[in-house]
Structures are given as C-alpha cells and as structure tokens.
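J.: Okay, predicted coordinates and the sequence, questions at the end:
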Amino acid sequence: MKQKDAVMKRRDFDFEVKSINSSGLFTGYASVFNVRDSYGEIVVPGAFADSLTKLEASGRKLPALWQHRSGEPIGVYDKVYEDGNGLFVEGRLLIGKVQRATEAHALMEAGAVTGLSIGFMTIDEEFDATARSWMLLKLDLIEVSPVTFPANEEARIEEIKGKLRARVPISIREFERFLRDEGNYSRAEAEAIASRGFGSVASRDETADAVTKGIADLLAHFRK
C-alpha cells in the first residue's frame, strides 16, 4: 500500500547536536535510518536523496529555523547529506547578525538546546505488515531546527494509550494517530473515520468514560 501525503510534519529523532564552535558552526544528525519512531514510522536510506538533489540544483541553502518557527530563521546548512547512519548536517548560525541566532548559539554552547528536528513532507511511503511500521521511502526536506527537547510535538501512541487506560478523553488528532498506529489505517482512512465519527462521539457526553466507550464502539464498527 502506498500513498502520498502533502501534510507538513516534524520529527525529532533524539539525536543531539554533535558539536558547536565559537563561530556558530555546528554539526549533527537530523534523522537516523532504519529506526522505528514513536509514530510507527521508519526512514529508509535514500529517503532524502531526491530532495537533496533538488536543493543542490536550486542553489538554495536549507534553512535553520528556531524551534520550527518559519518566521525565525537563525542560519543555514552548508552541508546536508546522507551517510550510512542517517541525514548529517553542518549548520552555520548567523551570530552577530541575527539576534535570535546569537541567543541560540549561547544556549547551544551551554547545553540548554541540544536537539535537532526535521520539517518535511512525505512523498512516498508504504506499510510493512511484518514490521508493523510505515516505511518512509521518499521525503521532501523543508528545514532542520535546533530544538530544546528532542521529543515529538504531537502526542505519541504510548501517551494516547495511557490516556485511554486512565479514561482521559483524547483529541481528534490523537484519535487519528491511534487509528494509524494501532489499526494500521492509512492517513486518509484515519482522517475520514475521525472526521465522520469522532465529533459526534465526543459531543455526546463530556465525561471521560462516555468518550472512551464511544471511541471503542466506533473502532469496533469500522473493524467489522
């Protein structure tokens, strides 16, 4: 099963900035290959190849954003390439020229900001039933950001399960993630199920028990 997804996504792979010097140069891995993340997704070697070729041909630099904020670029990446481990980057903070870059440099030197996170769009993917994972085959790399905490911004499946066990209501986005990771639905299927059913379930009763039971009933209905 393959599909295209034009939704901008972010992934923090728990990889640290490897080094940073006084001139603002830093290096690290922005992504790692063949490791299943908390979304049940695995980036395969070569996933960035086409995107990097296009970037090189355009003559543009890949931007370094501050914490994924498009309005706060803090530098550029002079080197971006795949190796046997993952996506390696060498970035340059525009210290002394961009105030936020100077602040970011100080925080990175002090060890307060250590993570790297990618912003990308999925161009091609397929579900591997054996690995129970979505294999990310082709990605369009948009940006790489230094981040304070190398942890996913959206709810992880473990957190969603914990909420359900504790009878705590979950959001529609968390429900979509649950459908994808636990039910092996595609993004389009999960969005369709959630948009058609979740709103009516959640609005039926505001208590956690009612919402959780409604979600379970809805899942059972779509599994028939």
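T.: Great, that's in hand. Bear in mind the structure is a predicted one, so any value in this text is a computation, not a measurement.

J.: ok, how many other residues are close to residue 137?
T.: Neighbourhood size, residue 137 [other Cβ atoms under 10 Å]: 16. No exception for glycine: its C-beta is placed from N, CA and C like everyone else's.

J.: Which of the helices or strands spans it?
T.: strand 133-147 (DSSP states H and E).

J.: Dump that strand to PDB, keeping only the CA atoms.
T.: What follows is strand 133-147, C-alpha atoms only, in PDB (Å, rounded to 0.1, in the frame of the first residue of the first chain):
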ATOM      1  CA  SER A 133       5.600   0.200  10.500                       C
ATOM      2  CA  TRP A 134       5.200   2.800   7.800                       C
ATOM      3  CA  MET A 135       8.300   2.900   5.700                       C
ATOM      4  CA  LEU A 136       9.100   6.400   4.600                       C
ATOM      5  CA  LEU A 137      10.500   5.900   1.200                       C
ATOM      6  CA  LYS A 138      10.700   9.500  -0.200                       C
ATOM      7  CA  LEU A 139      10.700  12.700   1.800                       C
ATOM      8  CA  ASP A 140      10.800  16.300   0.800                       C
ATOM      9  CA  LEU A 141      13.100  18.000   3.400                       C
ATOM     10  CA  ILE A 142      11.900  21.600   4.200                       C
ATOM     11  CA  GLU A 143      14.000  22.600   7.200                       C
ATOM     12  CA  VAL A 144      16.100  21.500  10.200                       C
ATOM     13  CA  SER A 145      15.700  23.100  13.500                       C
ATOM     14  CA  PRO A 146      17.700  23.200  16.700                       C
ATOM     15  CA  VAL A 147      15.200  22.300  19.500                       C
END
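
J.: Average pLDDT for it, rounded please.
T.: In this model, strand 133-147 carries a mean pLDDT of 93.

J.: Could you list every helix and strand in contact with it?
T.: strand 8-20, strand 41-43, helix 49-58, strand 62-66, strand 69-82, strand 86-93, strand 115-128 (3 or more Cβ pairs under 8 Å, 6 or more residues apart in numbering; DSSP states H and E).

J.: Which pLDDT value belongs to residue 176?
T.: For residue 176, the model assigns a pLDDT of 77.

J.: isn't it right up against residue 190?
T.: Yes. If you go by Cβ atoms under 8 Å, residue 176 and residue 190 touch, sitting 4.4 Å apart.

J.: Number of residues surrounding the nearest residue to residue 137 once chain neighbours are set aside?
T.: Sequence neighbours aside, residue 124 is the residue nearest to residue 137 in space, at 4.4 Å (criterion: Cβ to Cβ, 6 or more residues apart in numbering). Using other Cβ under 10 Å, residue 124 has 15 neighbouring residues.

J.: can you tell me which residues contact the closest residue to residue 81 other than its chain neighbours?
T.: If the residues on either side of it in the chain are set aside, residue 81 comes closest to residue 88, at 5.8 Å by Cβ to Cβ, 6+ apart. By Cβ atoms under 8 Å, 6 or more residues apart in numbering, residue 88 lies in contact with 27, 28, 29, 30, 79, 80, 81, 82.

J.: picking up where we left off before, okay, the helices and strands packed on strand 133-147 in a markdown table with distance to residue 147 and mean pLDDT next?
T.: Below are the helices and strands packed on strand 133-147 laid out as a markdown table (distance: least, Cβ to Cβ, whole Å; pLDDT from 0 to 100):
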| stretch | distance to residue 147 | mean pLDDT |
| --- | --- | --- |
| strand 8-20 | 6 | 68 |
| strand 41-43 | 17 | 90 |
| helix 49-58 | 20 | 97 |
| strand 62-66 | 9 | 96 |
| strand 69-82 | 11 | 96 |
| strand 86-93 | 13 | 94 |
| strand 115-128 | 4 | 91 |
